[in-house]
Structure formats: C-alpha cells, structure tokens
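1. 3D, please:
(chains A and B)
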Protein chains: 2
Amino acid sequence: MRIGLDMMGGDYAPGEAVKGVKLFFDTVTSDAHLVLIGDETALKPLLEEAQLDTSRYTVVHSSQVIGMNEHPTKALKEKQQSSIAIGFYLLQHKKIDAFISAGNTGAMMVGTFYSIKSIEGVQRPTIATMVPREAGGYGLLLDVGLNADCKPENLVQFGILGSLYAKHILGTENPKVGLLNIGEEEGKGNLLAQATYPLLKDEPRINFAGNVEGRDVFTDKADVIVCEGFTGNVVLKMAESFHEVAVKRGIKDDYIDRFDFEYYGGTPVLGVSEPVIIGHGISGQRAFMNMIVVAQKMLESKLLDKIKESFIAK
Amino acid sequence: MRIGLDMMGGDYAPGEAVKGVKLFFDTVTSDAHLVLIGDETALKPLLEEAQLDTSRYTVVHSSQVIGMNEHPTKALKEKQQSSIAIGFYLLQHKKIDAFISAGNTGAMMVGTFYSIKSIEGVQRPTIATMVPREAGGYGLLLDVGLNADCKPENLVQFGILGSLYAKHILGTENPKVGLLNIGEEEGKGNLLAQATYPLLKDEPRINFAGNVEGRDVFTDKADVIVCEGFTGNVVLKMAESFHEVAVKRGIKDDYIDRFDFEYYGGTPVLGVSEPVIIGHGISGQRAFMNMIVVAQKMLESKLLDKIKESFIAK
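-> The predicted structure follows:
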C-alpha cells in the first residue's frame, strides 16, 4: 500500500506535513509506504531532523509548487513538475494507491477529473465533510461545494456514496440517509428537494430517514446528509466560522473542539476510481496524520471496490 | 397608531403575550394603542393581574385558536373566529395598522397573502431574520424560507427590501448588500448566484458588496445578505441550533447570547402593503415586546411608504 502525500501543499507545508508523517509513524500501526512528493532540498533537513524510519517512505522530487491562489487549470497545465501534477501522474500510472494534498483545492479538483476516471455509473463525483454530532461521533454531509447545481438523481447517488463511506470508513452500521430540507414532511422544500424525496424513498441501496432541517445537522437524526453543493458549502463554512468564533472568544468546550477540522483531516473525493483526499489549506500535523489514516482506511476496506460493485449491481 | 397583537399565538400564550405587553408599556415610551386579540375569558384575569393602563389597549374577542400544527389554509378557512383570522380581517379593513403573531407560521403566511396586497412592483414578498454579528449589531438575512426557489430578479428585490429595512429599522446607513455564495469572485456559485451577481452590481438602489460566503454570515462584510429561501432557512435553523447547543452545554458568552431570538423578536414580512410580523413559536415576553417595538418602528419610519416609493421610482 503506497500512499502519496503532497509535502508542499497547505499554508504550513512542508514543516507540518513532515510532522504529520512523523505523528503517523509514531502512533499508527501500519505497513503503508509513504511517497512524499516535494522539493528535496527543502524536505531533506526536515526529514533528517524528524529522524524518520527511512524504510517507510520514499521521496519523489518536485521542482515546482502551485500556489494557493493560482488559477487551477492554468497552473496544472504550466507546472507539470509541481507536487500536485506529479501526484496525479503517479496515481494515474499506479505508482501510488492514493493521493493526499492540502494544496490548491481547485487544482486538486481539476487534477482529479483530468487524470482519474469516475467510477462507472457515477454521474457526478462529490466531496464530503465530517460533521461532529453533539451526541458523539461524526455524520457525513455531501456535497459540500463541488456540484453547485444538482439533479435529483445526483443527490440519490450522493446518498449511496455517503452510505458506503459512513459504513466502511466511519464504522456506522446501516447508516441513515437524510435529505437536507426546510420542513419535515414529504412534499416540503424547493423543487429539487421535492423531486429527490420520492427517489430516495424508493432507493434500495440506502436507509432513508426522511428530511432533516438545518437544526438537525448536528444531531444523529441522520448519519449521511445529502444536498446540492451550494447549500452544503454554506453549511460547511458557517460551521467552520462558528468554531473560529468560539476559539477567538476563548470558549472551552469538548463538543466545539470537535469542529476543528484537524480532528478529521481532509475531504475525500467520492465517486472517482482512485482515493483522493483534499486537505484544508491551514492543515497542521494532526490533519496531515488523519488524512493518511483515512487514505489507509479507504484502501484497507476496499471502499472503491465496494462503490464499484454497488453501481454495477444496479 | 394601532398595533394588533395575537394574544393566543405561540407556545406560551396568552401568559407571555400579556407579560410582553406589560414590558412594552413599562419600558418603551410610545403613544401606540394596542389591540389585543384573544379569548376574553382567558385574557381578563391576566390583564387585571398585570394592572395595565386600560387606556392604552383594547381587547378584541376571538373564540377560536389555530393550533401550531394545523394545516394553514384549512385552519384559516374553517376558523374565521380565530385570533389570526380576526387579526388579518382588522388589518385588511384598516382597523389596525400592523399585525403581530407568534402563532402558526403557515397560517400567518397564508393570511398575509390572502388578505394583504403585495406592494406594486414586488414580485415576491419575503421574510427576513436578524443575524447577530460578532463585531456588534445585527445584519439581515433574507429570504429565510418563504421562497424556496427564486429567480435572480427576486434576489435583487430582496436586496432592495432588506436595504430599506436595515436603514430605517436597524439604523444602518447605506447598508452593504452581499450575495450569499460559495466563492468570493464574480462568476462563482450555482447558476442562480452567477446570474444574480451582475444584476446586483448594476442595481442603483443598493450598495452591493459582492459575494459573501458561509463564513461571512456573522461578520460585518455585509449588512444585508440575500439568498433563496432554501439556503436561508437552513442557515437560520442551523444558527438557532448552535445557540440551543451552547445553552444546553452551559456555555456563557455575550455574543452567543445574542443569537437568542428573544433579543430581536420576530420576522417581518417584507414586500406587502401592511406591516406583518411573525414570531417564533416559543416566544417569551421579551420577544413579544420586541415585536411590538419593531411594528412601531415600521410605522413611525413609514417604511412601507419608502418601499412603495422605491419600487414605483424604478
């Protein structure tokens, strides 16, 4: 199992990325081999200082970096020696089995769709986020920004993809799928939600729990919440801002602490045929470690095979 | 100035409604005459106990109540002696100048649209909510659930209506209008947001501040935030649930306290030709008082005339 990690992506790279690798080696039992993609000159002293077991990783040199604010398509095209471009090249050519980056999100998206195929039957790959629940554990919300406009069938597929992720990665048995809506009963909502409800109800691959409202996002009414990426992204960023405000105001609370994305790492791209995980720009060591853990779980559980079977089975 | 108040609406009516009236009389200088609509038998002992100045209010008897979970259209049709039906009758026939209720929200909406005309030129009346900002004061978010599907022109009108409300009721000079979106730059977002941006930019009646994201909802990046009612309702209910969780967990914080809807009372319906304010079902005395204050401000500032002028002027 070879997991590729972009060492140059994110605001605190490569320092925090190296620390995250160390944390992973020190705390997680794993036979994963890490492929660290980055500038050798910058990485070498950091890796030496960290005194990592050299048999557990390989460095692949990249001479360019895509900045956080560069235009994704343009940057990927022009910077073929960047860590992101090399990561996708390695993934596409089966030199690595998963790719993780906390770099330019747009470039990660574009890279995914240019170089990695969608799973057959998946109309729209999607990105999900973990949602801390007050009662404990995490729910999954998707889409959180990749698909700003959706059709009802897309939301149904998000429900299937999210259920498989919740089951195999989060360990939720028979996850309940909720439709984000603005009322509890069938028939409520905008045209999209109204049309999606009956499809979800009739979908045998999911355990549909009905509508969930904005106030239910942090409850365990549903384990997987589906919506189009516009509302999902607003929800995600609003939740992040609540956490930031609480930190800024010195509020100490176990539950609010769990909103820290460092706890769950990155956002998986679901529906593509190789594991890709996109990290937050301000990822620290803990986020890097958690992203490696998620990639490992995705490979160990053979999540992508299970997704393929589910979509072929239809 | 005669302000009509439904004394039977809300989970704690009529007790909290009477206390709210007392709080208003005791703390606010006003020559408003209150028209209290409710069951005389239930109200009489409460009003006597409260020792209110009898010259400042009139009771109008209603023999029926629309329950919080009744079907709005059916209930309004069948219960013409209910406090909500009587309130709209009085408003329609100019016996009161504003109507407030914390009762069945659906019945308040249906009552508004059946009995009160939209202001000429307003395509879609809307409901707004106040949003506490960390830096102080309140912003306005609209629509929060009345219009689940919108066209770009609707959002532009929400911007105009919200600007006038922010200016005349909240006292914000030259309010900045933001478009709720999932990216900062023009061209980002779903089809609706992409089409709305250039219209807002070209609209002379507002001070457009560009896109605002989920993380900006509680900042002062914009004073008025426009969106369709699906996303707006999810945002509103999510914010309410954050407040509830914080209260439940015993978190004490001045800013989080300001999320309590009791602080701002109810939700005005904007774009109709008479002031209608819809309260939260769990309104307490402070919420009732604040709704009366808002109704008074709407009348004193001649907000509706200003809205009419703005829409005629185009």
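
2. list the contacts for residue A:158?
-> A:126, A:142-143, A:226 (C-beta atoms under 8 Å, 6 or more residues apart in numbering or on different chains). No exception for glycine: its C-beta is placed from N, CA and C like everyone else's.

3. For residue A:77, give me phi and psi.
-> Residue A:77 adopts backbone torsions of phi -70, psi -40, taken as degrees, to the nearest 10.

4. Give me the neighbour count for it.
-> If you count neighbours by other C-beta atoms under 10 Å in any protein chain shown, residue A:77 ends up with 12.

5. With residue A:59 instead?
-> Neighbour count for residue A:59, taken as other C-beta under 10 Å: 17.

6. Read off the pLDDT value for the nearest residue to residue A:229 once chain neighbours are set aside.
-> Sequence neighbours aside, residue A:143 is the residue nearest to residue A:229 in space, at 3.9 Å (criterion: C-beta to C-beta, 6 or more residues apart in numbering or on different chains). For residue A:143, the pLDDT comes out at 97.

7. ditto for residue A:312
-> Looking at residue A:312, its pLDDT is 86.

8. Then it would be within a helix, right?
-> Yes - Residue A:312: assigned to a helix according to DSSP: H, G, I helix; E, B strand; the rest coil.

9. Quick one: residues contacting it.
-> Contacts were defined as C-beta under 8 Å, 6+ apart; by that measure residue A:312 touches A:120-121.

10. ok so, going back, can you pick the most crowded of the contacts of residue A:158?
-> Among the contacts of residue A:158, the one with the most neighbours (other C-beta under 10 Å) is residue A:226, at 33 neighbours.

11. Just list the residues touching it, thanks.
-> Applying C-beta under 8 Å, 6+ apart, one finds that residue A:226 lies in contact with A:142-143, A:155-156, A:158-159, A:162, A:177-180, A:196, A:200.

12. how about a cut-off of 10 Å?
-> With contacts defined as C-beta atoms under 10 Å, 6 or more residues apart in numbering or on different chains, the neighbours of residue A:226 are A:126, A:128, A:140-143, A:150, A:154-163, A:177-180, A:193, A:196, A:200, A:206, A:208, A:212, A:232.

13. now, which of these lie within strands?
-> A:126, A:128, A:140-142, A:177-180, A:208, A:212 (DSSP state E).

14. Give me the distance between the residue nearest to residue A:229 and chain B.
-> Note on residue A:143: its distance to chain B, by C-beta to the nearest C-beta, to the nearest Å, is 11 Å.

15. Next: residue A:279.
-> Applying C-beta to the nearest C-beta, one obtains 17 Å for the distance of residue A:279 from chain B.

16. right, and that residue touches residue A:7 too?
-> No - between residue A:279 and residue A:7 no contact is recorded; they are 11.8 Å apart, counting by C-beta atoms under 10 Å.

17. Now list whatever residues contact both of these two.
-> Overlap between the neighbourhoods of residue A:279 and residue A:7 consists of A:13, A:17, A:20, A:101-103, A:288, taking contacts as C-beta under 10 Å, 6+ apart.

18. circling back to that earlier point, nearest to chain B, of the ones in strands among the contacts of residue A:226?
-> Within the ones in strands among the contacts of residue A:226, proximity to chain B (C-beta to the nearest C-beta) peaks at residue A:180, which comes in at 6.4 Å.

19. pLDDT score for that closest one?
-> 98.

20. do residue A:112 as well
-> As summarised for this prediction, residue A:112 has a pLDDT of 96.

21. For the helix or strand where it lies, which residues meet the burial criterion?
-> Counting by DSSP states H and E, the element that carries residue A:112 is helix A:105-115. The neighbour-count criterion (16 or more other C-beta atoms under 10 Å in any protein chain shown) identifies A:105-112, A:115 as the buried residues of helix A:105-115.

22. Likewise for stretch A:134-142?
-> A:134, A:138-142.

23. Looking at residue A:202 now. What's its pLDDT?
-> Each residue has a pLDDT score; the one for residue A:202 is 98.

24. and it, how many residues sit next to it?
-> Neighbour count of residue A:202, defined by other C-beta under 10 Å: 9.

25. I'd assumed residue A:159 was in contact with it.
-> No - at 11.7 Å, residue A:202 does not count as touching residue A:159 under the criterion of C-beta under 10 Å.

26. Next, show the common contact partners of those two.
-> Where contact means C-beta under 10 Å, 6+ apart, the residues bridging residue A:202 and residue A:159 through contact with each are residue A:208.

27. would you put the C-alpha positions of stretch A:203-211 in CSV?
-> Below are the C-alpha coordinates for stretch A:203-211, written out as CSV (Å, rounded to 0.1, in the frame of the first residue of the first chain):
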residue,chain,number,x,y,z
GLU,A,203,-33.7,3.6,-3.4
PRO,A,204,-32.9,0.1,-2.1
ARG,A,205,-29.2,0.8,-1.6
ILE,A,206,-29.8,3.3,1.2
ASN,A,207,-31.6,3.5,4.5
PHE,A,208,-33.7,6.7,4.0
ALA,A,209,-34.6,8.6,7.2
GLY,A,210,-36.6,11.4,5.6
ASN,A,211,-36.0,15.1,5.6
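
28. tell me which residues of it are tucked away?
-> For stretch A:203-211, a neighbour-count test (16+ other C-beta under 10 Å) marks A:203, A:206-211 as buried.

29. ok, now stretch A:281-291?
-> Neighbour counts over stretch A:281-291 (16+ other C-beta under 10 Å) mark A:283-291 as buried.

30. again, but for stretch A:295-303
-> For stretch A:295-303, burial by neighbour count (16+ other C-beta under 10 Å) applies to A:295-299, A:301, A:303.

31. List of residues touching it?
-> A:1-5, A:24, A:28, A:30-32, A:34, A:96-100, A:161, A:164-165, A:167-171, A:265-266, A:268, A:270, A:274-277, A:304, A:308-309.

32. hmm, 7 Å instead?
-> The contact list for stretch A:295-303, computed with C-beta atoms under 7 Å, 6 or more residues apart in numbering or on different chains, reads A:1, A:3, A:30, A:32, A:97-98, A:100, A:164-165, A:168-169, A:268, A:275, A:277.

33. For ChimeraX, write the select line for the buried members of those residues.
-> Selecting only the buried entries of these in ChimeraX, with 16+ other C-beta under 10 Å as the criterion:
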select /A:3,30,32,97,98,100,164,165,168,169,268,275,277
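
34. and which of the contacts of stretch A:295-303 is nearest residue A:219?
-> For residue A:219, the closest of those turns out to be residue A:165, at 19.4 Å, with distances computed as C-beta to C-beta.

35. quick check, the closest one in a helix?
-> Yes - applying three-state DSSP, one finds residue A:165 inside a helix.

36. hey, what's the spatially most central residue of chain A bridged with?
-> Closest to where the C-alpha atoms of chain A average out (C-alpha atoms, centre = their mean) is residue A:267, at 1.6 Å. The residues paired with residue A:267 through beta bridges, assigned by DSSP bridges, are residue A:278.

37. Please report the distance of it from chain B.
-> Counting by C-beta to the nearest C-beta, the separation of residue A:267 from chain B is 14 Å.

38. My guess is that residue contacts residue A:126. True?
-> No - proximity of residue A:267 to residue A:126 does not meet the contact threshold set by C-beta atoms under 7 Å, at 9.9 Å.

39. For residue A:43, give its distance to chain B.
-> Here residue A:43 is placed at a distance of 32 Å from chain B (C-beta to the nearest C-beta).

40. before we move on, what about residue A:94?
-> The gap separating residue A:94 from chain B is 34 Å, by C-beta to the nearest C-beta.

41. Tell me how many other residues crowd that residue.
-> Residue A:94 sits with 9 neighbouring residues when counted by other C-beta under 10 Å.

42. related to what we said a few turns ago, how about JSON lines for the buried residues of stretch A:295-303, with secondary structure and pLDDT added?
-> Supplementary listing: the buried residues of stretch A:295-303 in JSON lines, determined by DSSP: H, G, I helix; E, B strand; the rest coil; pLDDT from 0 to 100:
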{"residue": "A:295", "secondary structure": "helix", "pLDDT": "96"}
{"residue": "A:296", "secondary structure": "helix", "pLDDT": "96"}
{"residue": "A:297", "secondary structure": "helix", "pLDDT": "95"}
{"residue": "A:298", "secondary structure": "helix", "pLDDT": "96"}
{"residue": "A:299", "secondary structure": "helix", "pLDDT": "97"}
{"residue": "A:301", "secondary structure": "coil", "pLDDT": "97"}
{"residue": "A:303", "secondary structure": "helix", "pLDDT": "97"}
